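> I'll drop the sequence and a predicted model, then ask my questions.
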Amino acid sequence: MEYLSAFIVGGLICVIGQIILDTTKLTPANILVTFLLIGVVLGAFGIYDKLIEIGGAGASVPLPSFGNSLAKGVMKAVDEKGIAGILTGGIEGTASGITASVFFGYLVAVFFNPKTKS
Amino acid sequence: MNSNTKRLGVQTVRMQNPPKIITTYSMVGPKEGEGPLGQYFHEVVKDDTLGKESYEKAESELFYQTVIKAIESANLKQEDINYIFAGDLLNQLTSTCFAARNINIPFFGLFGACSTMTESLSLAAMMIDGGFADYTIAATVSHFSSSERQFRFPLEYGSVRRPTSQWTVTGAGAMILGKEGNFPEVTYVTTGLVKDYGIKDSNNMGAAMAPAAVDTIVKHLEDTGRGEKYYDAIVTGDLGKVGKEITLQLLEKQGYNIRDIYYDCGDLIFDDEKQGTNSGGSGCGCSASVACSYFYGKLMNKEIKKILLISTGALMSPTSTQQGESIPGIAHAVAIEFNSNGGEK
């Protein structure tokens, strides 16, 4: 059941992206940023966490989850440190994701070369 | 105007002593070699890096080898050749300029996007007919992987290609022009205007270039007074599936029906369904490699005698695309004819 709901929630998020890609002139980068911002808004209202409760990794792996972490990070930091948290909280909340992407991106660049698509 | 003028109509020039295309050479990558025209290319490389550490260097090497092998196959030396006209798609023409460091021939670098084959061929022919050269070379190159990362996305990035997207051809073609011998001749050159119909989608370049191709074809036929049936083949560079159909429809609206004799190199070079190339090939290596192999071969075998080659270019840069500029198109036409006496009858 857990797998099924992850598949459905994750799949729906991807289907929305695919529909936007096929029916509009938005580029993949446009969609990426849009999804992130939607995640921030849903996170701010606490809606995205409910989606993660239902979908598990189906909701926490796709990009809106990163926006969700940004929003939650800011709210947490504001509670703890006051207004300065608006500036510091986002990166704190997403530090693991950012560090991991830099680190693994570097590793991949060191060990692999780009190849022509087939 | 001088009665000896070589000018004809508004955009066309006629060669008084038509220069001859004495030899051609074409080299393509593995994917192009697996395509429907695979057997026609002079050489298919197995490894599209050509043993180089970057795709930009590979593109440069592809160009270098194509030019050197063309010169060898004509039994000429570099010193015999007076000018080389060449270009590619990369910023500042690095592929051709860097290769030209090792070529001992005076060099004119040209950027006409994918129209560079007929642009270079036009100038190479005019240079000989003008009496400024005995031998000239027209050559271009493009590489899928270097173009992909300059114009679209990094190769590592798993973006999804659109149905109208075209596949940049990894390939190069070189033509050597001279004055002597029994070879196909360049008889007329029609130089195109830059046309912009406001297309902004770099994934739909065929639609951006088609109006330019139509304009040049119509101007050529009007200037020369030739009917469209004069030619055995009218061949555009890389309009692909989408642009090819637009071209046919636009020409029909103007009263020209060329459906039976019309080909597009981008449409011929790949089997879109089997090879996943969506809307055909593109890139200046596309019309270069196909014209230098398939169509030059047909001329030499006398299967066709008169061909109008129109390489088509989409003149955008990555910066102009990011700034939301539309894509101007250009097309240059060159008439190549091979009759029993060598040229025009």
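Cool, the structure landed.
> how about the residues of the stretch 101-250 of chain B that lie near chain A?
B:144-145, B:148-149, B:153-156, B:159-160, B:170, B:200-201 (Cβ under 8 Å from any Cβ of the partner chain). All C-beta spots, glycine's among them, are computed from the backbone N, C-alpha and C.
> just the buried ones from those, in PyMOL syntax?
Buried residues within these, by 16 or more other Cβ atoms under 10 Å in any protein chain shown, are selected in PyMOL with:
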select buried, chain B and resi 144+145+148+149+155+159+170+201
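> so which of the residues of the stretch 101-250 of chain B next to chain A sit within helices?
B:144-145, B:148-149 (DSSP state H).
> now render the residues you listed as JSON lines, adding pLDDT and distance to B:Phe98.
Compiled in JSON lines, those are given as follows (pLDDT from 0 to 100; distance: Cβ to Cβ, whole Å):
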{"residue": "B:Phe144", "pLDDT": "96", "distance to B:Phe98": "19"}
{"residue": "B:Ser145", "pLDDT": "95", "distance to B:Phe98": "17"}
{"residue": "B:Glu148", "pLDDT": "91", "distance to B:Phe98": "19"}
{"residue": "B:Arg149", "pLDDT": "88", "distance to B:Phe98": "17"}
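> which of those residues sits closest to chain A?
Using Cβ to the nearest Cβ, B:Ser145 comes nearest to chain A of those, at 4.6 Å.
> which residue is the nearest non-sequential neighbour of the closest one?
Spatial nearest neighbour of B:Ser145, excluding adjacent residues (Cβ to Cβ, 6 or more residues apart in numbering or on different chains): B:Tyr55 at 4.0 Å.
> contact partners for that neighbour?
By Cβ atoms under 8 Å, 6 or more residues apart in numbering or on different chains, B:Tyr55 lies in contact with A:114, A:116, B:48-49, B:143, B:145-146, B:149.
> between those, which sits nearest A:Thr27?
Checking the contacts of B:Tyr55 against A:Thr27 by Cβ to Cβ gives B:Arg149 as the nearest, at 15.3 Å.
> I'd say that closest one and B:Leu155 touch.
Yes: with contacts counted by Cβ atoms under 8 Å, B:Arg149 reaches B:Leu155, the gap being 5.7 Å.
> now list whatever residues contact both of those two.
In contact with both B:Arg149 and B:Leu155: A:Pro114, using Cβ under 8 Å, 6+ apart.
> the helices in the chain, which residues?
In the absence of a named chain, chain A is used. Per DSSP H, chain A carries helices over the ranges A:2-23, A:28-44, A:47-55, A:57-60, A:64-81, A:85-111.
> you answered for a different chain; I wanted chain B.
Under DSSP H, chain B gives helices at B:30-34, B:55-73, B:94-100, B:116-129, B:144-151, B:205-224, B:240-253, B:265-269, B:272-275, B:284-290, B:296-300, B:318-322.
> of those, which is nearest B:Leu110?
helix B:116-129 (5.5 Å).
> give me the angle between the closest one and helix B:205-224.
Angle of helix B:116-129 versus helix B:205-224, following axes from the mean of the first three to the mean of the last three Cα atoms, to 10 degrees, is 30 degrees.
> what's helix B:116-129 packed up against?
In terms of contacts (3 or more Cβ pairs under 8 Å, 6 or more residues apart in numbering or on different chains; DSSP states H and E), helix B:116-129 is packed against strand B:83-87, strand B:136-142, strand B:171-178, strand B:185-190, helix B:284-290, strand B:306-314, strand B:329-337.
> okay if I get those as TSV plus mean pLDDT?
Below are those laid out as TSV (pLDDT from 0 to 100):
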stretch	mean pLDDT
strand B:83-87	98
strand B:136-142	98
strand B:171-178	98
strand B:185-190	97
helix B:284-290	97
strand B:306-314	97
strand B:329-337	98
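> and chain A, which residues reach chain B?
Contact residues, chain A versus chain B (Cβ under 8 Å from any Cβ): A:21, A:25, A:28, A:108, A:114-118.
> excluding chain neighbours, give the residue nearest to residue 71 in space.
As the question left the chain open, I've gone with chain A. A:Gly43 (3.3 Å).
> correction: the question concerned chain B.
Per Cβ to Cβ, 6+ apart, closest to B:Ile71 is B:Gln78, 6.3 Å.
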